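1. Build me a model:
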Amino acid sequence: MSTADDPAMVDLLVEVSDTLVADLDTDGMLQWVSERGRQLLSAQAAGIMLADARGTLRLLAAAPEYTSQARLFETASAPPHWCFATGQTLVDADLDDPDPRWAGFAGQARAAGFRSVAAVPMRIRDEIIGTFSVLRHQTGPFTGEQLRLTQALANVATVGLLVKRDTGYRRVLAGRSQQILTGRVAVERARGILAELLDTDTDTALQELRRHALRTERTLRATAIEVVRALPTAGRLPSTAPALLVRSITTASSLSALRDLISKRLSAAGLGGSARDSFLLAIHEAATNAQEHAGSGRLWLWHHDDYLWCEISDDGPGLPADLEIPTGTPDVHHQRAGLWLIRRICPDMLITSSTAGTRLLLRQPLPAQPAGSPSAADSGAGG
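-> Just a heads-up that it's a prediction; the model follows:
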């Protein structure tokens with residue numbers, strides 16, 4: 001089959017061309033290469049490293065971002081460093097029996113669940129400027145086609161840097177390195193805050209942070225900075241804070257205090273009167289369901305695109321596959337009366353449920369605020 005007959009390859013070529021001619025910053029371009037490389041090569045991690053003015057490799061993009069696994073690329077003995085030094089493609093198909101040159105790296109990689117690695121050089125004429133690398137959970141060699149694709153993606157990143165040469169990739173490197181450092185600090189602080197507020201571990205907190213970045217269509221770094229600014233830890237919760245709120249749902253007795261706190265946040269965001277009371281009732285009913293049926297849950301409240309959004313999630317057994325929410329007014333003791341009430345208040349509510357838990361997404365339009373009004377400024381700060 002020719003390239004022209006392969007829909008996946010055609011799509012990739014279109015993406016590449018769009019990426020190189022679009023008004024996309026260098027950060028976005030490098031991140032795109034990392035993400036697509038991880039997907040196309042069935043890898044679990046991918047990273048782009050560029051050399052600074054002293055020839056030291058710096059991690060500029062990684063997929064997924066801001067994880068401890070991404071830092072493996074920075075290990076001094078890792079294959080990317082040997083690839084940069086030799087200018088050769090390097091592959092280790094089984095890190096359980098690694099090349100002696102990166103035995104130390106192999107031990108760290110195995111501890112993180114990785115079993116094979118490949119690294120290819122990024123080259124401008126005769127100069128090696130960096131490397132593109134991927135890590136996989138499974139052992140086994142990379143095929144010739146996979147290595148050609150890896151090198152092609154490295155070339156895309158290199159050409160992208162040249163296309164944007166008006167800024168100079170050395171200058172881009174310095175700025176991006178500082179951005180990555182700032183982002184890491186923000187993400188680490190944000191996941192710590194979320195771990196405390198959600199009463200969970202930092203890995204789960206990072207997953208929640210990623211989900212929030214995705215649903216608000218922003219980068220993980222920008223989302224983390226917002227969380228750090230807008231989410232004080234448990235002991236510091238001023239009622240005038242922006243709408244963004246994250247809380248764990250643990251016991252029935254905690255729901256009353258949570259309801260009061262949500263009411264204050266809704267008011268601070270500019271929602272008042274019957275609209276506030278109704279939305280608060282829907283949120284409280286959803287939180288009560290999570291506590292009663294799953295024992296605990298998580299609540300996120302945020303402002304985005306002229307709406308207040310609230311997601312209540314839990315790790316319970318999920319809803320029955322044949323669930324039907326009553327269309328008419330149910331008896332107060334009906335098993336699904338709570339969901340019926342929530343839908344009455346938020347007709348476009350979205351329910352996602354599986355054996356791993358249930359997520360309920362609600363939204364409430366905010367009233368238009370005069371430009372420059374205090375409530376408009378407050379609500380905008382939250383999302």
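2. got any ranges where the stretch 251-383 of the chain has weak pLDDT?
-> When residues are selected by pLDDT under 70, those of the stretch 251-383 of the chain lie in 326, 328-336, 369-383.
3. ok, how many other residues are close to Leu301?
-> For Leu301, the tally of surrounding residues (other C-beta atoms under 10 Å) stands at 24. Where you see a C-beta, it was placed from the backbone N, CA and C, and this is true even at glycine.
4. What sits closest to it if chain neighbours are left out?
-> Excluding its sequence neighbours, the residue lying closest to Leu301 (C-beta to C-beta, 6 or more residues apart in numbering) is Leu245, at 4.2 Å.
5. Settle this for me: that neighbour is touching Ile262, isn't it.
-> Yes - Leu245 is in contact with Ile262 according to C-beta atoms under 8 Å; the separation is 6.7 Å.
6. where do the contact lists of the two overlap?
-> By the contact definition C-beta atoms under 8 Å, 6 or more residues apart in numbering, Leu245 and Ile262 are jointly contacted by Leu299, Leu301.
7. returning to that earlier point: number of nearby residues for the residue nearest to Leu301?
-> Counted with other C-beta under 10 Å, residues neighbouring Leu245 total 24.
8. Average pLDDT for the host helix or strand of Ala85, rounded please.
-> Element membership of Ala85, judged by DSSP states H and E, is helix 79-86. Along helix 79-86, the predicted confidence averages to a pLDDT of 94.
9. From the contact counts, what lies against that helix?
-> Applying 3 or more C-beta pairs under 8 Å, 6 or more residues apart in numbering; DSSP states H and E, one finds that helix 79-86 contacts strand 45-51, strand 57-63, strand 90-92, strand 116-124, strand 127-136.
10. will you turn those strands into JSON lines that also has mean pLDDT?
-> Rendered in JSON lines, the data for the helices and strands packed on helix 79-86 read as follows (pLDDT from 0 to 100):
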{"stretch": "strand 45-51", "mean pLDDT": "92"}
{"stretch": "strand 57-63", "mean pLDDT": "88"}
{"stretch": "strand 90-92", "mean pLDDT": "96"}
{"stretch": "strand 116-124", "mean pLDDT": "94"}
{"stretch": "strand 127-136", "mean pLDDT": "93"}
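11. Can you tell me how far Ile225 is from Thr26?
-> Between Ile225 and Thr26 the distance is 20 Å, computed by C-beta to C-beta, to the nearest Å.
12. Surely Ala93 touches Gln138?
-> No - here Ala93 does not reach Gln138: they are 9.7 Å apart, not a contact under C-beta under 8 Å.
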